[in-house]
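S.K.: Here is a sequence with its predicted model. Questions after.
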Amino acid sequence: QQQVKQSPQSLIVQKGGIPIINCAYENTAFDYFPWYQQFPGKGPALLIAIRPDVSEKKEGRFTISFNKSAKQFSLHIMDSQPGDSATYFCAASQGGSEKLVFGKGTKLTVNP
Amino acid sequence: GAGVSQTPSNKVTEKGKYVELRCDPISGHTALYWYRQSLGQGPEFLIYFQGTGAADDSGLPNDRFFAVRPEGSVSTLKIQRTERGDSAVYLCASKQRHGSYGYTFGSGTRLTVV
């Protein structure tokens, strides 16, 4: 059973575009929702995270929108650059061990 | 150190052999996690240490997998009688303490079982 469903699987945008990646979760006990960026041969790196008491969080060019009632959250990348080309993972966790449940990832390509 | 260090970066082993994968977390980080990432997938949780003890090992797939962290810093993931299906990237992550913000992942060990 996949607890965090991520879409799309891949995404191609032009430089300056605003890619949007979506995730949906099932477990209402989740209370922490991070996004990770992964480059080939590297481990995932934390980009931005949100807790369910807010509907939006912005850090630099990255914004998370969170819809608690729909159990969905999304990542927006403003003014995307070729250097943003990477695989992006959404994840979720709950209190306790704080282990993360990851989506399957979205491979983003930003063309010059 | 400055980041989470994992060694070796690549390991090729024959089916049935025993392997050990090492993780050096960021100094002072008490929480340590192991994940496994198969090709084209997101990381999957294996085990979580708080200090020296395994606080949650619910992700270990079977009893061929075992991990230790005897002094609360370096951790070793041990896989007995390796199978081709064990081939994956094994990622280690640490964070300062339970409840603190965000993990830092290492670059992983790519394990290939032939």
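M.R.: Received it, and whenever you're ready, just let me know what you need.
S.K.: Tell me what the residue lying closest to A:A45 once chain neighbours are set aside is bridged to.
M.R.: Here the nearest residue to A:A45 in space, its sequence neighbours aside, is A:Q37; by Cβ to Cβ, 6 or more residues apart in numbering or on different chains that works out to 5.3 Å. Heads up, the C-betas are built off the backbone N, CA and C, glycines and all. When bridges are called by DSSP bridges, A:Q37 pairs up with A:A45, A:Y88.
S.K.: right, and A:Q37 touches A:L47 too?
M.R.: Yes: with contacts counted by Cβ atoms under 8 Å, A:Q37 reaches A:L47, the gap being 5.0 Å.
S.K.: List the residues that contact A:P82.
M.R.: Residues counted as contacts of A:P82 (Cβ atoms under 8 Å, 6 or more residues apart in numbering or on different chains) are A:15, A:110-112.
S.K.: how about it, phi and psi?
M.R.: Phi and psi for A:P82, reported as degrees, to the nearest 10, are phi -50, psi -30.
S.K.: what pLDDT does it get?
M.R.: Reported pLDDT at A:P82 in the predicted model: 97.
S.K.: how much space between A:F62 and chain B?
M.R.: According to Cβ to the nearest Cβ, to the nearest Å, A:F62 stands 14 Å off from chain B.
S.K.: give the contact list for that residue.
M.R.: Remark: with contacts taken as Cβ under 8 Å, 6+ apart, A:F62 is in contact with A:35, A:47-48, A:75-78.
S.K.: Could you list everything it pairs with in the sheet?
M.R.: Under the criterion DSSP bridges, A:F62 forms beta bridges with A:E59, A:I77.
S.K.: Need the residue closest to the centroid of chain B.
M.R.: The central residue of chain B, meaning the one whose C-alpha is nearest the mean C-alpha position (Cα atoms, centre = their mean), is B:W34 at 3.4 Å.
S.K.: Quick one: low-confidence residue ranges for chain B.
M.R.: Regions of chain B meeting the criterion pLDDT under 70 cover residues B:1, B:98-101.
S.K.: could you redo the last one with a cut-off of 90?
M.R.: Residues of chain B that meet the criterion pLDDT under 90 lie in B:1-2, B:28, B:55, B:96-103.
S.K.: which other helices and strands contact the helix or strand hosting A:K5?
M.R.: When elements are defined using DSSP states H and E, A:K5 is found to belong to strand A:4-7. Contact analysis of strand A:4-7 by 3 or more Cβ pairs under 8 Å, 6 or more residues apart in numbering or on different chains; DSSP states H and E lists strand A:20-25, strand A:86-92 as its packing neighbours.
S.K.: who touches the last one?
M.R.: Right, strand A:86-92. Outside strand A:86-92, the residues that touch it by Cβ under 8 Å, 6+ apart are A:3-4, A:6, A:21, A:23, A:25, A:27, A:30, A:32-39, A:44, A:47, A:73, A:75, A:100-108, B:42-43.
S.K.: where does chain A come near chain B, residue by residue?
M.R.: Along chain A, the residues adjacent to chain B under the rule Cβ under 8 Å from any Cβ of the partner chain are A:6, A:34, A:36, A:41-46, A:49, A:89, A:91, A:96-105.
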